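Visitor: sharing a model that was predicted from the sequence below.
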Amino acid sequence: VQLVESGGGLVQPGGSLRLSCAASGFTLSNYAVRWFRQAPGKERELVAAISSNGGLTNYADSVKGRFTISRDNAKNTVYLQMFGLKPEDTAVYYCHAWAYSASDGYTNYWGQGTQVTVSS
């Protein structure tokens, strides 16, 4: 059972990247998913969130209009499309899947993170 992020890298300011968060060993469509990021010396912050069926999304003010979270439940994957990247977007990006049910309680999984560096 794991979440694996990919798609990070080095990009110039104004560039774009698409991060992927792929689940294995469990059905991601049963889980809401959030993307967090953590820059050196800073606390982890919530960037974007999406409901299990994709009908609801939410974004941090700092990324609204530039980032889009989406999911393809057939591929067991959630994406974070990032446009207009800024140096302050530099961080390790993590995905987090969580669900709550009366039978199983709270379950959640974290990925290992992918580095995004925005620099000229």
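Guide: Good, I have the coordinates.
Visitor: by contact count, what packs against the longest strand seen in the chain?
Guide: Longest strand in the chain by number of residues (criterion: DSSP state E): strand 91-101. Helices and strands touching strand 91-101, as assessed by 3 or more CB pairs under 8 Å, 6 or more residues apart in numbering; DSSP states H and E, comprise strand 2-6, strand 17-24, strand 32-38, strand 77-82, strand 105-110, strand 114-118. Heads up, the C-betas are built off the backbone N, CA and C, glycines and all.
Visitor: now the closest residue to residue 39 other than its chain neighbours: how far from residue 49?
Guide: Leaving out its chain neighbours, the residue that sits closest to residue 39 by CB to CB, 6 or more residues apart in numbering is residue 91, at 4.2 Å. Residue 91 is 17 Å from residue 49, where distance means CB to CB, to the nearest Å.
Visitor: which one of those two has more residues nearby?
Guide: residue 91 (22 against 18; other CB atoms under 10 Å).
Visitor: return the residue of this protein that is most distant from the centre.
Guide: When each C-alpha in the chain is compared with the mean C-alpha position (CA atoms, centre = their mean), residue 103 comes out farthest, at 26.8 Å.
Visitor: and it, what helix or strand is that in?
Guide: In the assignment (DSSP states H and E), residue 103 maps to no helix and no strand.
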